[in-house]
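*Asks:* structure of the sequence below:
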Amino acid sequence: MDKKIMTFAQKGIICLFLIITTLVCGSMEIFAVEQPTETPVPSAILVDAQTNNALYEKEADIPIMPASTTKILTALLVFEAIDQGVITLDDKVETTQEIVEKTPFDASKVVPNLQPGEVMTVREYLYCLLMVSDCTACDVLAQHVSGSVDAFVARMNERAAELGCRNTNFVNTHGYPDENHYTTARSLALITSEAMKHDVFREMFGTIKLRIEKTNLSNPRMLYNSNWLIWNPDKITSIYCTHYYEYATGGKTGTSQKSGHCLVSTAQKDGRTLICVITGGKIVLDSTGTQYIYQHYYESERLFEWGFANHSNVSIVSSGDVVGKMKITGGESDSVSIEIKDNITMLLPNDADASDVVTKIVIDESKRNAPVSAGDAVGELTASYGEDIVVTVPVYAIQNIGAETSGCQSCSFGKVVSAILIVLLVIVLLVGIALLYLLNSKYAPNVKNLYYGLLDEFKKSRLKAQKKANAPRKLN
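*Replies:* Prediction:
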């Protein structure tokens, strides 16, 4: 009997414990996004390409040797020079003897190697740089853009600083190992995010294979992208297609004995674009000891899959939505409605509450003066979630607001005068009412005495003034 009672009591305690646990857990964020198993590589980061917000990171700010992933920044500066009109994609550029001789003999190169005196277009050099990591092409383009390789490298460091890169210093254009040549996983993500804004860069970044026609010194070359994540078996036949990741859109490898296997890659799924940086990867045997795992590919795919599975795009504001009004100075109207022309979507954790997104409009004060034209950019709308996820887009005026005409200005002046007269009339009426009240109250005698006293003083003052005016003047 005692055993049965004890057993019943134990069951009751267990049930009570489970109920309390359930209630406590109910108040916790039990649906919070679970972080992936930590990557074995020394440094890594996964970011949202739109906001550069880190979804996952491991030692993302420690200095690492980037090897050929350096070339992403080299390509970015070339594309920016094209945008600025300094050079064009179709410029024909000669490979010089000096550049060929300065390229380390064991540096990565196209086959056949670029020769002194060989001429190709900027576009072709860029394909050699991004697809097969040709180091000679880097210096050829650097000299064409900046006049010298040293000047180009100096600009690389300036641009990296502008992008917010820290613990970063470049001493060459291609990433050939040097103790003074280093950056971080986060910095590589920032550089790649900026480069991805260029359409032709994205195209080259994701090209699997390409034939470059014969030049003045070389037969045709066949280029194959060193990033096996994009080796689609439907487009190319190779044993390396086993590394193919269906959502991968591009990437740049970097490998040296000191840096290990590095990979900066991009992937897109359902309108979401992610950037993954893996540094210091190794080639290791799997648990069965029968198959090699290339960590830079395996970990990139694993982090991409985790990112896509646990984060979704949330629509915050749609293109064409009226988001507020802006006050106008000196206009036919005192305000104008404003709108956005870009959809604002944010990549948020699946358990995020969209109502926690905060929007703020900042108006450019110089745009408040009339006239204002429909379509004028007049400020920015910023949407933020927490401290890290921020999206900013321009806001535009919807209507034309002309400046006040002279007639309108006269009307405005008349309105002001009318308002002043009304105020004065009200004051006179109030004073009159007060006097009437006083004259009919117990204070009337005193008021009358005060009134007549002031009147007598006024008359005396006038008489003195008249006598002084009529008095004869003395001659000097």
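*Asks:* got the domain boundaries for this structure?
*Replies:* 43-311, 318-397, 408-446 (automatic domain parsing).
*Asks:* out of these, deepest packed?
*Replies:* Of all the domains of the chain, domain 43-311 has the most neighbours on average by mean count of other Cβ atoms under 10 Å, namely a mean of 19. Using the backbone N, CA and C atoms, a C-beta is placed for each residue, glycine as well.
*Asks:* that one: how far from the chain's middle?
*Replies:* Distance of domain 43-311 from its chain centroid, counting by Cα atoms, centre = their mean, to the nearest Å, is 22 Å.
*Asks:* give the rounded mean pLDDT of it.
*Replies:* If you average the pLDDT over domain 43-311, you get 96.
*Asks:* and if you look at stretch 462-476?
*Replies:* 63.
*Asks:* circling back: mind giving me TSV with the domains of the chain and columns for distance to K467?
*Replies:* Formatted as TSV, the domains of the chain follow (distance: least, Cβ to Cβ, whole Å):
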stretch	distance to K467
domain 43-311	86
domain 318-397	56
domain 408-446	32
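*Asks:* could you say which helix or strand contains the most centrally placed residue in the chain?
*Replies:* The centroid of the chain falls nearest to T51 when counting by Cα atoms, centre = their mean (5.1 Å). Using DSSP states H and E, T51 maps to neither a helix nor a strand.
*Asks:* ok, now which ones touch it?
*Replies:* M346, L347, D388, I389, V390, V391 (Cβ atoms under 8 Å, 6 or more residues apart in numbering).
*Asks:* now do M346
*Replies:* Q50, T51, N313, V314, I316, V357, A383, Y385, I389, V391 are the contacts of M346 under Cβ under 8 Å, 6+ apart.
*Asks:* burial of the third one, as a residue count?
*Replies:* Okay, so that is N313. 15 (other Cβ atoms under 10 Å).
*Asks:* so it makes contact with Q268?
*Replies:* No. In this structure, N313 is not within contact of Q268 by Cβ atoms under 8 Å, at 11.4 Å.
*Asks:* how close does the residue nearest to the centre of the chain get to Y452?
*Replies:* 83 Å (Cβ to Cβ, to the nearest Å).
*Asks:* surely R302 is in a helix?
*Replies:* Yes. Counting by DSSP: H, G, I helix; E, B strand; the rest coil, R302 is part of a helix.
*Asks:* from memory it sits against V41, does it?
*Replies:* No. Contact criterion Cβ under 8 Å: R302 and V41 do not qualify, at 11.0 Å.
*Asks:* overlap in contacts of these two?
*Replies:* With Cβ under 8 Å, 6+ apart, R302 and V41 have no common neighbours.
*Asks:* in the stretch 301-450 of the chain, what spans have low per-residue confidence?
*Replies:* 406-417, 435, 438-439, 441-444, 446-448, 450 (pLDDT under 70).
*Asks:* and the strands in the stretch 51-200 of the chain?
*Replies:* 54-58, 92-94, 119-121 (DSSP state E, counting those that start in this stretch).
*Asks:* among those, which is nearest T288?
*Replies:* strand 54-58 (26.1 Å; Cβ to Cβ).
*Asks:* so where do the helices sit in the chain?
*Replies:* 2-26, 71-83, 97-102, 122-132, 135-146, 149-162, 185-195, 199-205, 295-310, 406-439, 444-470 (DSSP state H).
*Asks:* hmm, who's touching the third one?
*Replies:* Helix 97-102 is contacted by residues L114, Q115, P116, G117, T136, D139, V140, Q143, V149 when judged by Cβ under 8 Å, 6+ apart.
*Asks:* repeat that for the fifth one.
*Replies:* When contacts are taken as Cβ under 8 Å, 6+ apart, the neighbours of helix 135-146 outside the stretch itself are 68, 71, 74, 77-78, 81, 86-87, 91, 93, 95-96, 99-100, 102-104, 107-110, 113-114, 122, 125-126, 128-129, 148-149, 152-153, 155, 172-174, 176.
*Asks:* on that earlier part again, so for L463, which of the domains of the chain sits nearest?
*Replies:* domain 408-446 (26.3 Å).
*Asks:* show me the one of the domains of the chain that comes nearest E34.
*Replies:* Among the domains of the chain, if distance is taken as Cβ to Cβ, the winner is domain 43-311, at 7.5 Å.
*Asks:* so how far does the closest one reach from one end to the other?
*Replies:* With Cα to Cα, to the nearest Å as the measure, domain 43-311 spans 22 Å from end to end.
*Asks:* just stretch 46-66 next, same as before
*Replies:* So stretch 46-66: terminal residues 16 Å apart, Cα to Cα.
*Asks:* likewise stretch 318-334?
*Replies:* 26 Å.
*Asks:* any idea how far that stretch is from the chain center?
*Replies:* With Cα atoms, centre = their mean, you get 25 Å for stretch 318-334.
*Asks:* show me the contact partners of it.
*Replies:* Outside stretch 318-334, the residues that reach it (Cβ under 8 Å, 6+ apart) are 317, 335-344, 359, 361, 363, 367-372, 378-379, 381, 395, 397-399, 401-405, 408.
*Asks:* the nearest residue to D134 once chain neighbours are set aside and Y297, how far apart?
*Replies:* Among residues not flanking D134 along the chain, C128 sits closest, at 4.0 Å (Cβ to Cβ, 6 or more residues apart in numbering). C128 sits 23 Å away from Y297, going by Cβ to Cβ.
*Asks:* for Q50, list the residues it contacts.
*Replies:* T273, T345, M346, L347, V391.
*Asks:* tell me what the last one is bridged to.
*Replies:* Using DSSP bridges, the bridge partners assigned to V391 are A383.
*Asks:* can you pull the contacts of it?
*Replies:* Contacts of V391 (Cβ under 8 Å, 6+ apart): Q50, T51, I316, I344, T345, M346, T382, A383, S384.
*Asks:* and I64, by the same measure?
*Replies:* P42, S43, Y182, T183, T184, A185, S259, C262, T279, G280.
*Asks:* now with 10 Å?
*Replies:* 42-43, 167, 182-185, 187-188, 254, 258-260, 262, 277, 279-280 (Cβ atoms under 10 Å, 6 or more residues apart in numbering).
*Asks:* and for A248?
*Replies:* A248 neighbours (Cβ under 10 Å, 6+ apart): 206, 227-232, 265-268, 276, 297, 300-301, 304.
*Asks:* try it again at 7 Å.
*Replies:* Shown in contact with A248 (Cβ atoms under 7 Å, 6 or more residues apart in numbering): L229, I230, S265, A267.
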